[in-house]
Each structure stands twice: as structure tokens, then as C-alpha cells.
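>>> Give me a 3D structure for the following:
(chains A and B)
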Number of protein chains: 2
Amino acid sequence: MENFRLQIPTDIRFGKDRLGELPEVLAPLGKRVLLAYGGGSIKRSGLYDKVVDLLTDNGFTFVELAGIEPNPRIDSVREGVRLIRENDLDVILAVGGGSVVDASKVIAGGVYYDGDAWDLVLDSSKIGKAVPIVDILTLAATGTEMNRNAVISNPETNEKLGTGGWDLIPRASFLDPTLTFTVNKWQTAAGSADMMSHLYEQYFNHTPAVDVQDGIAEGVMKTIIKHAPVAIKEPDNYDARANLLWASTLALNGLVARGRSGGWTCHAIEHELSAYYDITHGIGLAVLTPRWMQFCIDKDDKSHAKLATYARNVWGLTEGSDEELARQAVEKTYRFLHEDLEIPMTLPEVGIETKELVLEMSEKAVLHGGLERDKFVNLSVSDVEAIILACFEEMTF
Amino acid sequence: MENFRLQIPTDIRFGKDRLGELPEVLAPLGKRVLLAYGGGSIKRSGLYDKVVDLLTDNGFTFVELAGIEPNPRIDSVREGVRLIRENDLDVILAVGGGSVVDASKVIAGGVYYDGDAWDLVLDSSKIGKAVPIVDILTLAATGTEMNRNAVISNPETNEKLGTGGWDLIPRASFLDPTLTFTVNKWQTAAGSADMMSHLYEQYFNHTPAVDVQDGIAEGVMKTIIKHAPVAIKEPDNYDARANLLWASTLALNGLVARGRSGGWTCHAIEHELSAYYDITHGIGLAVLTPRWMQFCIDKDDKSHAKLATYARNVWGLTEGSDEELARQAVEKTYRFLHEDLEIPMTLPEVGIETKELVLEMSEKAVLHGGLERDKFVNLSVSDVEAIILACFEEMTF
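Numbers count the residues shown, from 1 in each chain, chains lettered A, B, ... in the order given. I've put the predicted structure just below:
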């Protein structure tokens, strides 16, 4: 285990019927609020009206930043910074999924940065002080509600990049499973695939003696494998939604990551797919992940042991050599994503029909993700090309 | 899953060779320090000198509170409160095991309480504002380094009781596995049994659909089962000490507890044993736990399912009915504690030779622990008597 620092002070308010606590949580942070949200779903669900009533009834004033995109764009961030500065706002209330929270984080840092907010995405060391953020989450997926990271897209440059800062971690997050009842099958599946990928990116790693972290990762993976299919079939199953929501938060709040280094491959590749094609992040991860695992097995024997541990501890597989177990685990993973989560598992089915940009995306993935070093299996540009090209066909076992 | 609030802001500094960060961590909290510690072990190990040098070289002044007991006593708490008030100190630096941190917590709350500190142990609602605490932990066991709880003994009344408050959670904890190299076999075993018991107290519970929490608990249990025997045989095995240390912290920082209610039985019974006989807390728990599990199986069929899940997911057992698996798990637990941790598993072997106080201790356990309601298996006074009496003989399987 490596040295690490962990500090996750977010005040988690988990459960149903507790939105009434919002005023007491917001009040110490200020009375002038930037209300940030995405599309119309929070208006259709009635959540918007409830939040507005709570704010106005308790003496808060607010300015709205609406229309934050599913892959949040730097233009929304710039607009948020402008609104806070012009209206002298104290606190951001982010209502929505991970994209709204991610945009809010870079807005929060951007307010105190003397320059264009995109600089903060390109170089996280420029992020210092930030406006406090409180969020009300409506989608279980990214884990942003309890960490200091954000991913922002720049359509002008086809870039989708991660950044982060200690002060960007939300001060409080309201996690109400009932708010995720209206998340459709597609987004539930995408969110579940995203969480699984977060765990894989941290778990498939060569730092020795991280049993605590791996044990937590395996426990959270098994929870997702159990509850995601239930949530897809019964969208208002509280227990399934609650477990998924809390799993998504813990999958990326530092508990699994700290104490080791390296990792993160599929996200780097997927960020290129969604930067170029604006596909749903979690779906792109689902399509890539089993091909990446397969590629790791074929390229590097050193990958077999950990994939076999995953096979044993997560899927309960017992028979075969490490390599055989690893291959069985790939099939389990693929079938879970395809059959249980009902995700179309080829790129043409999700809107990427031609191979003309594969080389360009592969080059950028290797560059932005540093994929040639310190990964579970290091990948060259041609390796990434091979993985993406494999995503054009169904896998067979 | 039930509603919950979770906020664990402790700044964890985990790893070796990072004590040099102490001044930067302490400085924002103040320059006038209460240096709290236990016996002479931190002087023998050289840690005391390092801390004193760091303080004096960086412009801190300090007053010492030495000699805090393994089961920390209210008199030490009173003395700490007096020292802080008389010397107008800003911050407590607790150096030692869980008992030093626990005493520091009630000192921290006691400074702002207008009355005797024992009141805060009897009634946690009287704890409000508190002096900030930073700790340097030297023993993996209680988890106090990342939670808001404390246990204090009062020898005058033979009482050992828990209390807690939001402001008592340490601001920062230095967790250096190398500082636990000198912990002897006995204390390593006791600490490991204590961590396992914390997990059991939370895990054996009837709140439905807490898969995230149970998955984390199982992962942490498996880590302890793997690494504790290694640490006992090779006291300076860094990987084993690191996993044990981080496991102990996560076993009781809220991650496993939140989202469910009820629980905590063996601790309530053990607190009476150590209040009356001052035995080592973790050893008392080790002796009690398998008898308690056995009693649960015999008394209440509803206990079988969860004990069988424990058998499957923690011990990898597969064959038999739920009741059979539950009984196999008790044997595994007993043999782990007795053979792998080398703990003497009867009360006479740990210094409780007569049965004359069993009834009195059982009555107090039921009273203080509320054991007759909302537990995994509710226990009457005669049930607790039966469990304690079973601890006078070896178990046979």
C-alpha cells in the first residue's frame, strides 16, 4: 500500500423525504444562490418547484443557470462564472446528474480565477479557492457528489478532459433514491456501467497489498451487479435505487483509489468517443470495457492474476487457471452489460458507424490519458485502435 | 436501507515518513498544544522525542497530559480539561492508541461544558463545541481516529460507557503503519479482535437491503483475517500492518453503520467485563463473540440467514443449510481467534476466575446496552448470564 491523503468532508444527506433540510444546509454558506440544472426533467418531476419554493420561503434569492448538457460544455461553465460574478452570488445549488455537478465545480473554481475557465480544465493546478457547492442528485452514476473531480467538454477542440481541486468537493449532497425513480432504462444502465467502470479503473492495478481497497471495490461491484438489473426492471424499487445510488457515490470518493497509483484506461478512450460523437458516457464505457479486458489478457500475462481474482471474488467463478478464469470473467462482464443491463454492445448500435476517426481518437486517448505508462496494461496507439475496432463487432465466447 | 447522514471530515495522512507534515496540520488550529499520551511506549520508541522536536522547532508550546490508561478513566479526562483551561490551550495532540484519543475527545468537549466531564459520558446530548483534536495513532484497533465516539471508564462506579458528538471527530489523523511495528502479539491480536467485533456489531443486523454496507464489511473482514495472523508472526511486515491499520479505521467510521439501525451486543457485555476486571477490551470481545453467535443460532432461527451469508461471503463456506453454515462459521470464527490470533479463549485464562459477579455484570449489560430490544437477537439478563458462563469453558465442535 502506498502513502495517501484522504479527506472527504461532504455532508451526505441520504434518503427520502429530507429535502426540507435544504435551507439549514445552505444557510451557513450564504443567501444568494446560483441554481444550476440541466434539461427539463427536474421541472417535469416537480423537483424544480419544490426547490424554488424552499428557497423563496426561506429568504434565499437565486439566479438560474439552466440547460447544462449531459457532457457539460465549457460554455455553460463560462456562463455560470459570469452569473455569479455579476450577481455577487454566495453558493451554487446544483440540481441534476453528474454533469450539472461537474459544471458547477469548474464554475466554483472559475469565479476566483483571473482568466478563461478552460485553463482550469487544462491545468488543475490553477484551481484554488472556490465557491461552495451543495447538490441534489437525480442520477446514480458519476460519484462527483463526494469527490473533487470534474469532466468538461470543449466542442470547439473536440476535447473532453478531467480536472479537480480540493475545494471543489461539494459541501453537502442530498442523495434521495426516489429522485432516481424517473431515470429511464437507458440512463440507469449507463449509470451502472459508469460505476462499474470507476471500480474497474481503480481495481485493475498492480500496486501490491491493497486488500482493504480491493475488498471494498468487490463489495460495491457485487452490489451493483445485484441491484442494477432490478432497477432497470422495476424503476421504483427503493432498495435497488438506494443501493445503486450509494454504490455510485462510494465507487469514486477515494476509498477505492487511495493507497495505489496508476490506472484509468477505458475512461481515457471513452472520453475521445464522446468528445467526437457525444455518445452517452456510460454506454461508451460498457462497449469498451470487455474488449479492453480481453486485450489485456491477450497482450500481457501479468494481467491474468488480478482478472482471475475479479472472477473469483466478484463472479464466484472457481474452475480453471488464472487465464481461463480471466476469460470467463470477461464473458460474465459482457453478458451482464448486454443481457442484464440491456446495453447494445457495439459502436454502430450507439451511433458510431464509421471507422474513419478511430486513429485520431486513439492518438488523443494515448496522449490525454498517458496510456503508454503506469497502467494495468500499457497501451500504444495501435493497441487502442485495436480495442476500438473490436467494438464494431459483437463479442463471441 | 434507512435514511442516514454521513460526514467524516477527518484529514487522513496515511503512510510512513510523513510526521514532518504535523506542523502544517496543527498550525491552523493553534500554537498552544495539549500533548496527550499514555504510558512509556512512545518514549521507548522515540516517537515522543520526534513529536517534541517538531513542536518546539516550529514555534508551538505544549503542556503534557501523560499516563492515560488503556481503559481511559474519567480522572484523566478531568485533568485534561483542567490543563487546557488553566493554560489556555488551543488544540489537543493525542499520541497513542484508541484510549488516548477517546480521552482526548471527552476532554475536548469538557472544556466547553460547565460541569463535571462525567456528565458528558452519561449524556452525549450535553456535548457541544469542542477543542480541535489531531492524533498520531500507534495501535490499530478502535477506529476512534475517524469517528465521533469515545468510551470512558469510571472506576468508582464500575462503569465503562460510550458517548460521542459531531465536534469530537479528529480534524486530522496520522496513520503510520511503522508506528504499529512495536505493538506486541497480544495487543495486535486484541486490536484485530476489536476491529472484527466492530464489523460484526454492525453487520449482524436485520435492516434489509444494505448490500453496499455489507459488501464493505465483508471486504474489510477478509482483509483482517488475511493480514492479522501475518502481523502477529512478522510484527514489522509493512503490508500487513498497513492493511490492519486502514481496516481498523474503516471498520468504524460510519461506512458500515449508516443506513441501518440496531445492533451492538458484545461490546455492551464486554464493557461490563472490563469495567469490573480491567481486562483487555479486544480480548474480552474475542472470548464473548463466538459464544454470542452460538447463542443467537440456538435462540432465534431468524439469525441463521445472516450468519450463513457471513459463512459464505467471508469464510467461503458453501455446503449445508443456513443453520449448518451458521454453525460452521462460529467454528471458523473461534479457530481464527484462538489459533491464528493466539488468543486464550476462556475467561479464567484472561483473569476472570470466579462467577460471582456474572449476574451483576449481566444486569448492567442489559441495562446499559439496551439488550432486550432492537438487537440482532434480543437478550435478557439470563441470556447474557448464559453467554458469559459459556466463556468459562473451551468451545468444542
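
>>> all contacts plus neighbour counts: C-alpha atoms, from now on.
Noted.

>>> Name the residues of the stretch 1-150 of chain A found near chain B, please.
Proximity of the stretch 1-150 of chain A to chain B, by Cα under 8 Å from any Cα of the partner chain, involves residues A:1-16.

>>> In ChimeraX, select just the buried ones from those residues.
Remark: buried members of these, expressed as a ChimeraX selection using 16 or more other Cα atoms under 10 Å in any protein chain shown:
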select /A:1,2,3,4,6,7,8,9,10,11,12,13,14,15,16
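
>>> Pick out whichever of the residues of the stretch 1-150 of chain A next to chain B sits closest to B:N243.
Of all the residues of the stretch 1-150 of chain A next to chain B, B:N243 sits closest to A:M1, with 7.7 Å by Cα to Cα.

>>> Contacts only, for the closest one.
Residues in contact with A:M1, defined by Cα atoms under 8 Å, 6 or more residues apart in numbering or on different chains, are A:207-210, A:259-260, B:239, B:242-243.

>>> Then A:S248?
A:140-143, A:192, A:195.

>>> and if you look at A:T280?
So A:T280 contacts A:70, A:190, A:274 (Cα under 8 Å, 6+ apart).

>>> got CSV for those, with pLDDT too?
As requested, the contacts of A:T280 are exported to CSV (pLDDT from 0 to 100):
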residue, pLDDT
A:P70, 88
A:A190, 97
A:S274, 91
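
>>> By neighbour count, which of those wins?
Within those, neighbour counts (other Cα atoms under 10 Å in any protein chain shown) peak at A:A190, which reaches 25 neighbours.

>>> now that one: how far from A:E393?
According to Cα to Cα, to the nearest Å, A:A190 stands 20 Å off from A:E393.

>>> With A:D116 instead?
Distance, A:D116 to A:E393, by Cα to Cα: 42 Å.

>>> Could you dump the contacts of A:S248 into TSV with secondary structure and neighbour count added?
As requested, those are arranged in TSV below (DSSP: H, G, I helix; E, B strand; the rest coil; neighbours: other Cα atoms under 10 Å in any protein chain shown):
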residue	secondary structure	neighbour count
A:A140	coil	32
A:A141	coil	30
A:T142	coil	29
A:G143	coil	27
A:S192	helix	31
A:M195	helix	29
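
>>> can you name the two of those that are farthest apart?
Maximum pairwise distance among the contacts of A:S248 (Cα to Cα): 11.2 Å, between A:G143 and A:S192.

>>> if we can go back for a sec, considering the contacts of A:T280, which is situated nearest to chain B?
Each of the contacts of A:T280 was scored against chain B by Cα to the nearest Cα, and A:A190 proved nearest at 19.4 Å.

>>> which ones are touching that closest one?
With contact set as Cα under 8 Å, 6+ apart, A:A190 has these partners: A:141, A:280-283, A:286, A:343.

>>> can you rerun that using 7 Å?
Shown in contact with A:A190 (Cα atoms under 7 Å, 6 or more residues apart in numbering or on different chains): A:282-283.

>>> can you tell me the helix or strand for it?
Using DSSP states H and E, A:A190 maps to helix A:185-203.
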